[in-house]
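Participant: Let me see the structure of the following:
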Amino acid sequence: MRGADGRLHLGVTPWLDDWDGPAESLASQAEHAEALGFQSFWLPESHFTGRAANPAPLLRLAAVAARTQRLRIATTSFLLPVRHPIHVAEEVAVLDRLSQGRVILGVGRGFRSALFAAFDVPSSEKRDRFEVALQVIRDAWRGEPVAWESVGGAEPTPVCLAPRPVQQPHPPIWVAAFGPKAVAQAGRLGLPYLASPLEPMARLEENYARHRGALPEAQRGARLAVPVMRTIFVSRNASELGRAREALAKQGAALAKASVASIRRNGGEDVDAWALVGEPERVQDGIARYREQLGMTHLIARIHVPGVEREALVASLECLARLGV
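Facilitator: Prediction:
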């Protein structure tokens, strides 16, 4: 998925804050991203967060697939522990068929206690459930008979998936990890680690080193994708840059009060530690630094900045596309 010329694969998340809006808005954003030359379009998953909730990212990506031709459609953290893995395998396979092989599946475990309570999943089991579910999904995509525990303890009957994904043996799977145990698990599974948009460079270097150290012996030195998510705002307007920095600083301060320790730990960091904000040359230099220090192959840009006007966000998106990274 990286060009033969070594250019960075550039992806983007939606920049308009209208998760509860119609498909038209999301599809139009994806069309614009594709026209600008972005190579992938990413949606998160979130539950029970009001207007910001996005509980069914695959449904929304199906709308994107219908309005684009080349753009890869992707999830940043599809939450496996709260889903039936055979159902996941079916839905992702169908989406890969609809898009003619354009899916990237970013998977995660989740961390909010309300999520696990709502779906009757003990949070202490999330890591084990994630790993077992992932194995079932991969086996199903390869055409192997698979089964999953059934209600009441009855012996499950193995089934074979149909249809299977266009991409074989399966669509790319990246693991969104946050914390040492999750990063090491991604490495042990031999899958690329999708870096959090919150962690500073020093912590990312530690995480990628931990991920490489956990890889199976046969994959040591393998050229796995190195994807990183960063909040990016590009402008030559000093006032706009000031507003963006102020908004992101408030966001960081709010994270410093989060109930989850791993998120709270990153909340007090300076904006420049976890975001790229500035004039085009400054942002371009920042991207080059991530490539040099981390070996970054895929940059997923979060363009949305709370409180910044739509026109400025679109201008930032277009400026980033022109950088030719």
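
Participant: any chance you could map the strands in this structure?
Facilitator: 9-12, 40-43, 72-79, 103-108, 173-176, 193-194, 227-234, 275-278, 298-302 (DSSP state E).

Participant: just checking, what packs against the lengthiest helix in the chain?
Facilitator: Scanning the chain for the longest helix, with DSSP state H as the assignment, gives helix 238-255. Contact here means 3 or more C-beta pairs under 8 Å, 6 or more residues apart in numbering; DSSP states H and E; on that basis helix 238-255 packs against strand 227-234, helix 261-267, helix 271-274, strand 275-278. (Each C-beta comes from the backbone N, C-alpha and C, glycine too.)

Participant: same thing but at 7 Å, please
Facilitator: Where contact means 3 or more C-beta pairs under 7 Å, 6 or more residues apart in numbering; DSSP states H and E, helix 238-255 is packed against helix 261-267, helix 271-274, strand 275-278.

Participant: who does the last one pair up with?
Facilitator: What it means is strand 275-278. Paired with strand 275-278 in the same sheet, following DSSP bridges, are strand 227-234 (parallel).

Participant: Below-threshold pLDDT in the protein: ranges please.
Facilitator: When residues are selected by pLDDT under 70, those of the chain lie in 1-5, 150-154, 255-268, 325.

Participant: that older thread, closest one to Phe116 among the strands of the chain?
Facilitator: strand 72-79 (9.8 Å; C-beta to C-beta).

Participant: what does the closest one rub up against?
Facilitator: For strand 72-79, contacts defined as C-beta atoms under 7 Å, 6 or more residues apart in numbering pick out 11, 39-45, 57, 61, 64-65, 99, 102-110, 176, 194, 229.

Participant: So which bits of it are buried?
Facilitator: Buried residues in strand 72-79, counting neighbours by 16 or more other C-beta atoms under 10 Å, are found at 72-79.

Participant: Just name the most buried of the strands of the chain.
Facilitator: strand 193-194 (a mean of 29; mean count of other C-beta atoms under 10 Å).

Participant: could you say what helices and strands that one packs with?
Facilitator: The helices and strands touching strand 193-194, judged by 3+ C-beta pairs under 7 Å, 6+ apart, are strand 173-176, helix 180-188, helix 201-214.

Participant: re the thing from before, okay, the strands of the chain in CSV with distance to Gly242 next?
Facilitator: Converted to CSV, these look like this (distance: least, C-beta to C-beta, whole Å):
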stretch, distance to Gly242
strand 9-12, 23
strand 40-43, 28
strand 72-79, 28
strand 103-108, 33
strand 173-176, 31
strand 193-194, 31
strand 227-234, 11
strand 275-278, 10
strand 298-302, 19
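
Participant: Glu309 is nearest to which of those strands?
Facilitator: strand 227-234 (11.8 Å).

Participant: Quick one: residues in contact with the closest one.
Facilitator: Here strand 227-234 makes contact (C-beta under 7 Å, 6+ apart) with 76, 174, 192, 194-197, 244, 248, 275-277, 280, 283, 290, 294, 296-303, 305, 316, 319-320.

Participant: close enough to count as contact, Pro216 and Gly190?
Facilitator: Yes: between Pro216 and Gly190 there is a contact under C-beta atoms under 7 Å: 5.4 Å.

Participant: Looking at the two, which one has more neighbours?
Facilitator: Taking neighbours as other C-beta atoms under 10 Å, Pro216 and Gly190 compare with Gly190 leading, 14 against 11.

Participant: quick one: which of the strands of the chain is nearest Gly324?
Facilitator: Of all the strands of the chain, strand 9-12 comes closest under C-beta to C-beta, at 9.4 Å.

Participant: List the strands paired with that closest one, with their directions.
Facilitator: Going by DSSP bridges, the partners of strand 9-12 are strand 40-43 (parallel), strand 298-302 (parallel).

Participant: Show me the beta-bridge partners of the closest residue in space to Gly286 that isn't next to it in sequence.
Facilitator: Among residues not flanking Gly286 along the chain, Leu276 sits closest, at 4.3 Å (C-beta to C-beta, 6 or more residues apart in numbering). Beta-bridge pairing for Leu276 (DSSP bridges): Ile232.

Participant: quick one: Leu276 from Glu217, how far?
Facilitator: Counting by C-beta to C-beta, to the nearest Å, the gap from Leu276 to Glu217 is 36 Å.

Participant: do Ala315 as well
Facilitator: Distance of Ala315 to Glu217, given as C-beta to C-beta: 48 Å.

Participant: tally of neighbours for Ala53?
Facilitator: Ala53 has 13 neighbouring residues, counting by other C-beta under 10 Å.

Participant: Does it touch Ser46 like I think?
Facilitator: Yes: here Ala53 reaches Ser46: they are 5.4 Å apart, a contact under C-beta under 7 Å.

Participant: would a markdown table of the buried residues of strand 72-79 with distance to Asp139 be doable?
Facilitator: Converted to a markdown table, the buried residues of strand 72-79 look like this (distance: C-beta to C-beta, whole Å):
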| residue | distance to Asp139 |
| --- | --- |
| Arg72 | 24 |
| Ile73 | 23 |
| Ala74 | 22 |
| Thr75 | 20 |
| Thr76 | 24 |
| Ser77 | 22 |
| Phe78 | 18 |
| Leu79 | 20 |
